[in-house]
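Enquirer: Got a predicted structure plus its sequence, pasted below:
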Amino acid sequence: MKKDLTCEILKKYKTIAVVGYKPGRISGDIAHILTDNGYIVVGVNPVFKGEAPLPVYPSLTEIPFHIDIVDVFRKSEDIPPIIPDVLKIKPDVLWLQLGIRNDEAVKPAEEVGITVIQDTCIKVEFFRCF
């Protein structure tokens, strides 16, 4: 079921915000793979000040357009502070990367109808689906 859902998500939604984006790290590599495959991708990193090949915003709420998927590259214990911004921007999907899971923190997103994917690599799913 989960695999069918991830493929459906990746085929339907094309605008992604990568929380924890940093060039030269896995978050940056995956963001660029997605960009190279037709997705509109922006980074979110409040402390990043360098040059980047894609737009980087300090927070989700500062992105000036709708985000379909919020893809999170943060530790499981760092998920709770992200949720209020997720609830404000109301993406269609909250995606927590491989190794990241926080069932309690994501409950408010699920309760308002945001699809939540946890502990799953968006790059692996992309290559599996296409």
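Expert: Nice, thanks for sending it over. Residues are numbered from 1 along each chain as shown.
Enquirer: Low-confidence stretches in the protein?
Expert: Low-confidence segments of the chain (pLDDT under 70): 1-3.
Enquirer: how about the strands in this structure?
Expert: 15-19, 40-44, 56-57, 69-72, 93-96, 115-117 (DSSP state E).
Enquirer: L5 and C129: what is the separation?
Expert: Here L5 is placed at a distance of 11 Å from C129 (C-beta to C-beta, to the nearest Å). The way it works is simple: take the backbone N, C-alpha and C, and place the C-beta from them, glycine included.
Enquirer: Likewise for E62?
Expert: E62 sits 30 Å away from C129, going by C-beta to C-beta.
Enquirer: Could you export the strands of the chain as JSON lines, including mean neighbour count?
Expert: Formatted as JSON lines, the strands of the chain follow (neighbours: other C-beta atoms under 10 Å):
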{"stretch": "strand 15-19", "mean neighbour count": "24"}
{"stretch": "strand 40-44", "mean neighbour count": "23"}
{"stretch": "strand 56-57", "mean neighbour count": "20"}
{"stretch": "strand 69-72", "mean neighbour count": "26"}
{"stretch": "strand 93-96", "mean neighbour count": "24"}
{"stretch": "strand 115-117", "mean neighbour count": "17"}
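Enquirer: what's near enough to touch K123?
Expert: By C-beta atoms under 8 Å, 6 or more residues apart in numbering, K123 lies in contact with 30, 33-34.
Enquirer: Equivalent analysis for A17, please.
Expert: 41-44, 57, 60, 63, 67, 69-71, 91.
Enquirer: quick one: the closest residue to it other than its chain neighbours from E104, how far?
Expert: Distances taken as C-beta to C-beta, 6 or more residues apart in numbering put I67 closest to A17, at 4.5 Å, once the chain neighbours are dropped. Going from I67 to E104 by C-beta to C-beta gives 23 Å.
Enquirer: Same list (the strands of the chain) but as TSV, adding distance to I82.
Expert: TSV is the format used below for these (distance: least, C-beta to C-beta, whole Å):
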stretch	distance to I82
strand 15-19	6
strand 40-44	9
strand 56-57	13
strand 69-72	6
strand 93-96	9
strand 115-117	12
